[in-house]
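After the sequence you'll find the predicted model.
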Amino acid sequence: MRNVLYIGNNLSNRHTNLSSIHVLGKLLEEEGYTLRYASSYNNKLFRLLDMLWQCGRLAKRMDVVLIDTYSTHNFYYALLVSQLCRVLQLPYIPSLNGGNLPARLARNPKLCAMIFKNAHYNVSPSSYLQDAFAKQGYDNVVHIPNSIKLEEYPVSKRRYDTIRLLWVRSFSKIYNPQLAVNVLKRLKQKGYDASLCMVGPDSDGSLESVKLLAKDLNLDVRFTGKLTKMEWTQLAKEYNVFINTTNFDNTPVSVIEAMALGLPIVSTDVGGMPYLINHGVSGLLVPPNDVYAMVGAIEQVYGHSTLREDLVRNARTVVAEFDWEMVKQRWNAVLQP
């Protein structure tokens with residue numbers, strides 16, 4: 001088996017959810033790969049320096065470098081690490097996690113080419129990003145979806161006597177958590193007995209503004225903070241509609257997990273979401289930041305049992321393809337010599 005240096009935000013604190021480096025890294029280790037990680041420093045400069053240092057220090061012992069690649073400031077981590085890998089003649093594989101990477105491709109084509117044209121492979125968790133890269137002339141992108149162990153996500157029977165909304169994400173502006181609160185307000189204005197639970201850490205200070213909004217609107221929203229996967233999937237049994245409010249997205253694991261748990265999905269129609277969810281078949285998609293459209297979709301799910309059951313059944317079929325037993329074969333194909 002191969003030696004892999006995994007570069008990414010290997011952080012574990014109250015401000016971050018588990019990222020792919022935690023989930024995928026553990027799964028690869030279980031398959032017999034030897035992994036080293038960088039970096040767990042909270043300070044961004046120290047994190048970058050550690051990433052570069054580990055690349056140089058371990059270059060002769062590693063077979064490949066796997067780099068979590070995002071579209072915002074973390075893009076520059078990938079840029080610098082990839083160029084060091086080129087100097088060291090060390091094969092590297094960017095893992096494309098940023099839902100807004102297509103905008104980065106358009107805005108910085110030369111910098112992107114430095115990373116992605118010279119990669120051993122680029123791994124995309126969604127067909128959305130694979131298509132976006134293909135349109136820019138990249139033919140070295142392999143689609144490997146985000147994975148789960150399906151056996152860990154039993155489908156629960158849910159009651160629909162009231163509307164109980166569940167939202168799971170980091171509190172960040174790009175995920176538009178305020179929309180969830182405004183949706184709850186509109187549902188109550190229309191006379192529904194509705195509640196909302198929001199699960200996740202505060203990433204950029206958005207949590208406080210969401211709490212203030214709920215207070216201003218006189219809404220009793222349940223905020224749990226950061227939960228483990230086991231904790232929030234257990235909590236999910238109490239709720240009956242999963243809402244995804246983001247303005248930018250790829251194929252978020254939280255939505256995949258909710259689909260596996262048998263929660264009907266109402267999501268904004270952005271980024272990779274229409275590649276994950278077939279509207280009206282495996283979930284409902286609405287325009288971003290549209291309170292009325294999201295409320296209308298929730299009403300459809302709540303009021304029509306046949307539609308709801310079809311959505312849940314079809315969604316479970318979709319995510320069965322993301323089971324690790326199937327996905328690991330694709331990773332073996334790109335990681336093995």
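Structure received.

and the nearest residue to Trp331 once chain neighbours are set aside, what is it in contact with?
Distance criterion C-beta to C-beta, 6 or more residues apart in numbering; nearest residue to Trp331, sequence neighbours excluded, is Ile144 at 6.1 Å. No exception for glycine: its C-beta is placed from N, CA and C like everyone else's. Listed by C-beta atoms under 8 Å, 6 or more residues apart in numbering, the contact set of Ile144 reads Val123, Ser124, Pro125, Val327, Arg330, Trp331, Val334.

The fourth one and Ile144: what is the separation?
When distance is defined by C-beta to C-beta, to the nearest Å, Val327 is 6 Å away from Ile144.

The second one too?
Ser124 sits 7 Å away from Ile144, going by C-beta to C-beta.

swap in Ile67?
According to C-beta to C-beta, Ile67 and Ile144 sit 14 Å apart.

What are the boundaries of the helices in the stretch 1-150 of the chain?
Using DSSP state H, counting those that start in this stretch, the helices of the stretch 1-150 of the chain run over 20-30, 44-58, 75-88, 101-107, 109-116, 127-135.

per the record, what domains does this protein have?
Using automatic domain parsing, the domain parsing of the chain gives 3-147+323-335, 150-320.

Mean pLDDT for those - can I get that in TSV?
Listed next are the domains of the chain as TSV, based on pLDDT from 0 to 100:
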stretch	mean pLDDT
domain 3-147+323-335	92
domain 150-320	96
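
circling back: got a markdown table for the helices of the stretch 1-150 of the chain, with mean neighbour count too?
Shown next, in a markdown table, are those (neighbours: other C-beta atoms under 10 Å):
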| stretch | mean neighbour count |
| --- | --- |
| helix 20-30 | 18 |
| helix 44-58 | 17 |
| helix 75-88 | 19 |
| helix 101-107 | 17 |
| helix 109-116 | 16 |
| helix 127-135 | 19 |
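
can you tell me which of those helices comes nearest to Glu299?
Closest of the helices of the stretch 1-150 of the chain to Glu299 is helix 127-135, at 27.8 Å (criterion: C-beta to C-beta).

Could you list every helix and strand in contact with that closest one?
Judged by 3 or more C-beta pairs under 8 Å, 6 or more residues apart in numbering; DSSP states H and E, the packing partners of helix 127-135 are helix 101-107, strand 122-124, strand 141-143, helix 273-276.

at 10 Å what do you get?
Judged by 3 or more C-beta pairs under 10 Å, 6 or more residues apart in numbering; DSSP states H and E, helix 127-135 is in contact with strand 92-96, helix 101-107, strand 122-124, strand 141-143, helix 273-276.

Asn250 is in contact with Gly272, isn't it?
Yes - with contact defined as C-beta atoms under 10 Å, Asn250 reaches Gly272; the gap is 4.6 Å.

what about these two, which has more around it?
Asn250 (26 against 23; other C-beta atoms under 10 Å).

ok now do the nearest residue in space to the more buried one that is not next to it in sequence, which residues does it touch?
Distances taken as C-beta to C-beta, 6+ apart put Gly99 closest to Asn250, at 4.1 Å, once the chain neighbours are dropped. By C-beta atoms under 10 Å, 6 or more residues apart in numbering, the residues touching Gly99 are 70-71, 126, 128-129, 174-175, 246-252, 270-273.

Now for Leu284, how many residues are close by?
Neighbours around Leu284, by other C-beta under 10 Å: 24.

helix, strand or coil for it?
strand (DSSP: H, G, I helix; E, B strand; the rest coil).

so it makes contact with Val295?
No - using C-beta under 10 Å, Leu284 is not in contact with Val295, being 11.5 Å away.

Mutual contacts of those two, please.
Val266.

residue contacts, Arg313?
Residues near Arg313 by C-beta under 10 Å, 6+ apart: Val155, Gly262, Ser282.

do Tyr192 as well
Contacts of Tyr192 (C-beta under 10 Å, 6+ apart): Thr162, Ile163, Leu184, Arg186, Val295, Ile298, Glu299, Tyr302.

Buried members of those into ChimeraX, please.
Typed into ChimeraX, the line below selects the buried ones among the contacts of Tyr192, using 16 or more other C-beta atoms under 10 Å:
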select :163,184,186,295,298,302
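
Out of the contacts of Tyr192, which comes closest to Val319?
Ile298 (21.0 Å).

Quick one: residues contacting that closest one.
Ile298 touches 163, 165, 183-184, 186-187, 192, 194, 241, 243, 264, 266, 284, 286, counting by C-beta under 10 Å, 6+ apart.
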